[in-house]
Structure formats: structure tokens, C-alpha cells
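Chemist: Turn this into a model:
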Amino acid sequence: MLAPVGRVCPDGNGGGGTKLSADSGRMMEQAILGFLGGEPLATELAVAAGRHGLRSLDRLVPELALFAGEGVGISIHDPGRLVLGDWFENSRSTSWGNYLEFMVDQAEGLTISRAPITGMPLYWLEVAGGVLLFSHLELIETFSVALSVDEEYLRYLLSFSNFRTARTGLSGAQELLPGTALILGRGLPTTETFWSPWPHARESVGEGDAPILLEQRIRACVSAWANSRDSIVVELSGGLDSSIVAAALAQGEHAFSAATIATASPDGDERRFARAVAERCGIDLVEYVHGDAVLDLTAGPAFLAPRPATYGVLAGIDAALGSATNEMSGSSIFTGIGGDNVFAINRSIMPALDALLSLGPLPRSLAALNDCARLCNATVWRAARAVWRQWRAGRDAAWPRDDGYCVRTMLPDEPLPHPWDEVVDDLPVGKIRHVQSILRIGDFLDRPGRWYGRDVVAPLLSQPVVELCLAIPSWAWVARGRDRAVARAAFASHLPAIVAWRRNKGRLETMCAEAFLAQRRSLAPILLEGRLAREGLIDRKRVEAYLARERIEGDYDYFRLLELADIELWIASVSDLGAGKFRPVQRAY
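Modeler: Residues are numbered from 1 along each chain as shown. Sure, this is the predicted structure:
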């Protein structure tokens, strides 16, 4: 059940915001659809464009038909060049934002570049003698293009969670990854990487300068995003990251409102922190309480996607926040997603090891050791032994394998190639883990159903912010035994102390565990009789044993089983794609 429990205003009198009604047509406002190759798909393109309310764009070349939703802005439109989305420029990066750049060159043909870090989503598929381009799989559901589940991809997915590469779960369909370009017209389609995190990770920013530089960089980026939008609503969880976004908007004197959500269990109720931030920023806050009474873990994905996307256990929260953001006076959603990753949240001794190897046995290295010990609630001696063991174990920069409840011998030993693959022996392992963390968050940006087709801004993942954070030493992020220490110091004067210096984070374990226990009988056939099980990829005996357990306190393996169930439900959702039968499940917010 979803229940709004009130609107909190800075004057305490309630009311104040103009409500925004839900618009079913909004879902495709951020859509892009195109075909390079002449007329073979002309009719299907026109039908799909009309069905989803897309407008036709001027042709850069006669062979390219391109359509976009009404919410897709055009930043640059010159002969031979078209930039869709947000395009910003500053002294450090020649360009950054959330864009797709189409460039025509007589020698090179057509080059499509996607902005680093995030960028507007784009998938491509060779078909009918050309290349089909689409931002949402729903756009091509009625096309005479048969797509099948890529079984080999599933094996990689089961072994290396959240390691997102260009390959998708549908054979032949590829994603244009952030920071890469798709080159068409030189024979077979090829991709090239034009942005990588490693040069920035090799730079160095002084610890003393880092907080002020970070504050300036975040405020500048937040203002750049805000200046190009009419109205904004912040998803304000009460945690540090979304609070920093709100504080930066307030400092820039941008008008915005906020929404927060709480679960019925105490570990998911962050409202007192969100209220404190709203009061400090002088903004309107809408609160929702979510109960999981109507949560159906077997319902399937909220929308069609080229790879498993949505999390069934979070569907209720998704719907609740989706309702809130639709009802409030803002169509552009600002979120703090990615803050943990960009701010190098850490619960290990890696920063101390980095300091020791980079600085030697200096007082700063010893301070880093003490900081890690405090952060991990361990003694200095225990932390020192952990550093020693890690140093003796040597460098391990590989992507962690996560194949729980699967048959390991049926899965690959190495992940798929990624554009960021590079020999990085000259970098501390903590810095490598920082880059991997930023890579990992890229797999979550298109998962929430409430964001589907919406204008969503993740300011903390702005390219200039990420580049600066990568240059900050890993031990600076754990100063004084606090995670994300540089970000806390940067915005401490703009946030309530209970938020700026809080050590705990909101959690959803109680809600998720209760939903799993209540519905595990319904999940059993999905896990034990689905495609993964039939292919011999699931360890059936181990899954059966876990499902039979009466208690799961302190055990989080149920998250893995829910992940496996979501993969099975995704497989079912795309099984009829291209056969004229496909009808995706859509949640109306």
C-alpha cells in the first residue's frame, strides 16, 4: 500500500506546491529511434514514431531517419552535426553532459558519440541491410525483427554481476556505452573509446585543496543542469548524497521541491534526516510511507529492457516515489545516485595500504591506518595485520566474481571485455577499486521503473565531478575515520550536522527479507523450473535448501535468489519479442 502522510513546508503550515498530474505520454518523452540504411524499415519506423509521439528530426544524411521524443532537447544543430540532450562546456572538459552527438564526415561516415559516465542510452542492431538505433526496447516491439535471448551472455551475467559491457541479453543488440562512439560508414560498424577514467585516476589533488574544489565542482555542475530545466524535484532519501544535491541546488538559489519515502520498518525510515535537510534548504517536502502488502515478487519487470533491469523487491518503492514525483511541481528528477561510488565509500584497509605504498612509512600513512581502523570498528593492530596480509597477497585488480547458487563449472572464468580494460600496474589497488565502483553504478542508472522515459539527472555522476574525485587520494576519503570524508567536509557548512556527520545509512533489509519469506513458495518454481535451471546453470539443491529454511536473520543470500528470479522473469518478458505477441508490463505512475 502507498500512503502520502503529509507535505512538510519550511513554515510548517503545509500546502504550497502545484501538483503535476501523471501523463501517460510522458513515458516516451526521452526516446530516440532511428535507422541508417535507407527505406527498408521506413513504414515500421513511421508507425512506431507515431505510436510513441516521436518527432522527426532533420536528416544529416539521406540514409538516416531519426526520431526523438518531445523531451529530447537539441543542443547543437549545424550542417553535418547534431547534438541531442544536454551539452555543457567548461575549461577542463571540452564537453560534458547527457548527450548523443551525431557527426557526419565524408571520409569517416556517421559517428555517434555518447557522453562519458552516463549519457543518453542508445542501443544498435544490424538489420535489413542497415543499423537500427533505439533508446528503449519498447520502441521496436512491433518490428519484424526477431530477437532471441543470448544464452552465452546469461552465463557471464551469472558469474560477474553488474559488470556492464556493450553486449546485451538479446543476440545482436549492443549498447553504445558511455564514453564510446559508434562509427558507421567504413564497412562494418565499429566502436571507439574517447573517454577513460584512468588518466584522471593518475592525477593527484592535494588533500587540503580537495574539499573546496569538490564543493565548487559539484555546485557548478548542479547549476549547469538546473539552469536548463524549468522545474525540479529531488528524490531526497535523507542520506548524504541526495542531501548534497539538495544543498547545491539551494546554494545556487534554484527553485526545487523534494520527495522522500519510508518503509514501515524502522531501518527504512529516513524521514527525520530528510526533514532536517528540507528545513535547512527551505524547500517543500512530500513524504510517503510504503508498505509491502501488495508487493508481488513474481510480477515480472516493470518495463522491457535489452538486459535484466528492474528489481522486483523494490517495485513498491519505485511506484511510491514515481507517484510522488508525478504529483509534485517538477518533471525533472534530480537524484543522488552514484554518490557512494564517486565519493569512494570504503569499508576496508585498502586506503591505508595505498598510503603506505605511495607515501612510505610517514605519519600520514600511520594516520590513514588509524582512520581505516576507526571506520571498520577495529583496533589499529588488527588493521595493521590486515594491511600486511593484503600486501603479501599481492595485487588483485580483477572484477570480483559473484556466482553464488550457480554451477561454477558451467560459467566463464573471465568477464567480457570492456572499453576501460587497461594494464594499470602503476596505480594503487584502492584507486582501481574506485574506478570499478564507478563502473558498477552504471548498471543501475536505468533500473528504476519510476525513471523509465523520464528526465533524470544524476549530478554527482557529472563528468567534471567524477574526474576530480578520481584524482583525490583514496586515504583522503576516509580521513578521521569517516567514509566519504572529502564530500562531508565540502558540504558540512550547508547541511544539518545530523546528516553531514551521520555514520549509519538507511537500509531495506527488513522489508526485503519479509517479502522474500512471505513469497518464497511462489518464487520456488521460477528458480527451480526456469530456463537457468533447465540449462543446468542453477545449483538446484542449494536453492532448495535455502528456500526450506525457516529463519534468515543475518543472512543476505536471499538477495542473490531474488536476483536470479528477476533474471528468469526478464527472460519470460522478452521471449515473444519480434513474434508479434510481445506486450511489456507497464506500471502507471
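Chemist: And the pLDDT at Gly16?
Modeler: Reading off the confidence values, Gly16 has pLDDT 29.
Chemist: residue contacts, Ile283?
Modeler: The contact partners of Ile283, taken as Cβ atoms under 8 Å, 6 or more residues apart in numbering, are Pro10, Val234, Ala246, Ala250, Phe256, Ser257, Ala258. C-betas here are computed from N, CA, C, even on glycine.
Chemist: Which parts of the stretch 401-550 of the chain are helices?
Modeler: In the stretch 401-550 of the chain, the segments counted as helices under DSSP state H, counting those that start in this stretch are 429-441, 463-471, 485-491, 497-500, 509-529, 531-534, 540-547.
Chemist: hey, least reliable of those by pLDDT?
Modeler: Per-segment mean pLDDT for those reaches its minimum on helix 509-529, at a mean of 89.
Chemist: helices or strands next to that one in the packing?
Modeler: In terms of contacts (3 or more Cβ pairs under 8 Å, 6 or more residues apart in numbering; DSSP states H and E), helix 509-529 is packed against helix 540-547, helix 557-573.
Chemist: can you list contacts of it?
Modeler: 263-268, 292, 295-298, 313, 533, 538, 540, 543-544, 547, 552, 556, 558-559, 561-562, 564-565, 568-569.
Chemist: so His489 makes contact with Pro211?
Modeler: Careful, residue 489 is Ala; it's not His. Yes: look at Ala489 against Pro211 with Cβ atoms under 8 Å: they come within range, at 4.0 Å.
Chemist: is it true that His52 touches Glu70?
Modeler: No: using Cβ under 8 Å, His52 is not in contact with Glu70, being 10.4 Å away.
Chemist: Compare neighbour counts for those two and give me the winner.
Modeler: Residue environment comparison for His52 versus Glu70 gives the larger neighbour count to His52, 19 against 14, counting by other Cβ atoms under 10 Å.
Chemist: From Val435, how far off is the more buried one?
Modeler: Between His52 and Val435 the distance, using Cβ to Cβ, to the nearest Å, works out to 37 Å.
Chemist: Equivalent analysis for Ala490, please.
Modeler: For Ala490 relative to Val435 (Cβ to Cβ), the value is 21 Å.
Chemist: the more surrounded of the two?
Modeler: Counting neighbours by other Cβ under 10 Å for Ala490 and for Val435 shows that Ala490 has the greater number, 26 against 23.
Chemist: Quick one: residues contacting the more buried one.
Modeler: Per Cβ under 8 Å, 6+ apart, neighbours of Ala490: Ala210, Pro211, Ile212, Leu214, Glu215, Ile218, Ile244.
Chemist: if you set the cut-off to 6 Å instead, what comes out?
Modeler: Under the criterion of Cβ atoms under 6 Å, 6 or more residues apart in numbering, the contact list for Ala490 reads Pro211, Leu214, Glu215.
Chemist: Can you lay out the residues you listed as JSON lines showing pLDDT?
Modeler: Below are these laid out as JSON lines (pLDDT from 0 to 100):
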{"residue": "Pro211", "pLDDT": "98"}
{"residue": "Leu214", "pLDDT": "98"}
{"residue": "Glu215", "pLDDT": "98"}
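Chemist: want to throw these into a markdown table with distance to Thr190?
Modeler: Conversion of the contacts of Ala490 to a markdown table gives the following (distance: Cβ to Cβ, whole Å):
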| residue | distance to Thr190 |
| --- | --- |
| Pro211 | 42 |
| Leu214 | 37 |
| Glu215 | 41 |
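Chemist: From the rest of the structure, what touches stretch 405-414?
Modeler: Stretch 405-414 is contacted from outside by Arg155, Tyr156, Leu158, Ser159, Asp403, Gly536, Leu537, Asp539, Arg542, Val543, Arg560, using Cβ under 6 Å, 6+ apart.
Chemist: 7 Å - rerun?
Modeler: Where contact means Cβ atoms under 7 Å, 6 or more residues apart in numbering, the residues beyond stretch 405-414 that reach it are 155-156, 158-159, 403, 536-539, 542-543, 560-561, 564.
Chemist: now stretch 298-307
Modeler: In this structure, residues lying in contact with stretch 298-307 by Cβ under 7 Å, 6+ apart are 123, 137-138, 141, 168-170, 173, 175, 309-310, 312, 315, 318, 449, 452, 522-523, 526, 569-570, 572-574, 584-587.
Chemist: Pull out the buried residues from those.
Modeler: 123, 137-138, 141, 168-170, 173, 175, 309-310, 312, 315, 318, 449, 452, 523, 526, 569-570, 573-574, 584, 587 (16 or more other Cβ atoms under 10 Å).
Chemist: Just the ones of these in strands?
Modeler: Using DSSP state E, the members of the buried ones among the contacts of stretch 298-307 that fall within strands are Tyr123, Glu175.
Chemist: who's in contact with the most centrally placed residue in the chain?
Modeler: Central residue of the chain (Cα atoms, centre = their mean): Leu445, 2.4 Å from the mean position. For Leu445, the contacting residues are Thr118, Ile337, Ala458, by Cβ under 7 Å, 6+ apart.
Chemist: All good on my end, thank you.
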